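A.B. asks: below is the sequence, then the predicted model.
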Amino acid sequence: MAETKLKLEGQIAIITGAGSGIGKGCAIELAKNGATVVINYPFEGAKAAAEEVAATIIASGGKASTHQCDVSKEDQVIKMFSDTIATYGTVDILINNAGLQKDAKFTEMTLDQWNTVIGINLTGQFLCAREAVKEFLRRGVDETKSRAAGKIICMSSVHEVIPWAGHANYAASKGGVMLMMKTIAQEFAPKKIRINSICPGAIATPINHDAWDTPSHLESLLKLIPEKRIGLPEDIGKAAVWLCSDDADYVNGTSLFVDGGMTLYPGFEDNG
């Protein structure tokens, strides 16, 4: 009996911010499904964590390497893509995941806090998506791997639709990601390029550790989640595998909310 082909077999994926959290979860799940993953990390101090993720993948029989790049820096993004193409021949998938928070009350938010978050969360996604699309257009469709010329997942958030007081820079960045994603999906769908977003809710990652680090914090958080559990990075990773596979070939320009129902207005659940 012939072996079942893995969903992403033979495909090359760049995953930004993949040394921990959601990016790590995506890297592990894509590798399980046959992709060779390039684990991006932003600075030297994050190298060890990225290499640990790569080692975990390799130990499980997958393929992975690491690449340092600050996604808000155009020259570094261009180099990451050119180095990846030189090593592997092409790029088939981009998971635009790198992101951060610099929280402050609006009247106390500094320009540096605003610019840092917009620079990584939005400008970084623009720069990486631009280089990915250029490569997809150059190569075209390779039907031995996928019906699409390439796939991009922009990691957004429930806060592309839910306002979040004290996080104006973060919410603005994710709202921007949403309309950038939809606009470029519209532009490049005729070229067989699929561009979608995943919008996580509360996921147990270092970026939001303070929201679930104690029983009382977790109890407060679960009031916002109808499913009454905090999500895991693998929940996002599995959704990413589906969106990157030909199983989702007719899905383009969509925000996929993976949030345990957080966008279902849980404050009204006892008001029926």
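C.D. replies: On my side now, so go ahead.

A.B. asks: next one: the residue nearest the centre of the chain from Ile120, what distance?
C.D. replies: What sits nearest the mean C-alpha location of the chain, by Cα atoms, centre = their mean, is Asn97, with 3.0 Å. Using Cβ to Cβ, to the nearest Å, Asn97 is found at 11 Å from Ile120. For every residue, glycine as well, the C-beta is placed using N, CA and C.

A.B. asks: again, but for Asn96
C.D. replies: Computed as Cβ to Cβ, the Asn96 to Ile120 distance reads 11 Å.

A.B. asks: the two: which has the busier surroundings?
C.D. replies: Shown here are Asn96 and Ile120; by other Cβ atoms under 10 Å, Asn96 has more neighbours (30 against 22).

A.B. asks: state the distance from the more buried one to Pro233.
C.D. replies: With distances taken as Cβ to Cβ, Asn96 is found 16 Å from Pro233.

A.B. asks: also Leu100?
C.D. replies: Taking Cβ to Cβ, one finds Leu100 at 16 Å from Pro233.

A.B. asks: more neighbours, these two?
C.D. replies: Using other Cβ under 10 Å as the criterion, Leu100 and Pro233 rank with Pro233 on top: 21 against 16.

A.B. asks: what's the closest non-adjacent residue to that one?
C.D. replies: Nearest non-adjacent residue to Pro233, counting by Cβ to Cβ, 6 or more residues apart in numbering: Gly25, 2.6 Å away.

A.B. asks: correct me if wrong: that neighbour contacts Val241.
C.D. replies: No. Counting by Cβ atoms under 8 Å, Gly25 does not reach Val241; the two are 10.5 Å apart.

A.B. asks: in the lowest-mean-pLDDT helix or strand in the chain, what's buried?
C.D. replies: Counting by mean pLDDT, DSSP states H and E, the chain has its least confident helix or strand at helix 215-222, which shows a mean of 88. Going by neighbour count (16 or more other Cβ atoms under 10 Å), the buried part of helix 215-222 is Leu221, Leu222.

A.B. asks: so what's the gap between the helix or strand following it and the chain middle?
C.D. replies: The first helix or strand that comes after helix 215-222 along the chain, using DSSP states H and E, is helix 233-244. Offset of helix 233-244 from its chain centre (Cα atoms, centre = their mean, to the nearest Å): 9 Å.

A.B. asks: equivalent analysis for stretch 261-272, please.
C.D. replies: For stretch 261-272, the distance to the chain centre is 27 Å (Cα atoms, centre = their mean).

A.B. asks: avg pLDDT for that stretch?
C.D. replies: Stretch 261-272 shows a mean pLDDT of 88.

A.B. asks: buried residues in that stretch?
C.D. replies: Applying 16+ other Cβ under 10 Å to stretch 261-272 flags Met262, Thr263, Pro266 as buried.

A.B. asks: one more: stretch 145-154?
C.D. replies: Neighbour-count burial for stretch 145-154, counted by 16+ other Cβ under 10 Å, picks out Lys145, Ser146, Ala148, Ala149, Gly150, Lys151, Ile152, Ile153, Cys154.
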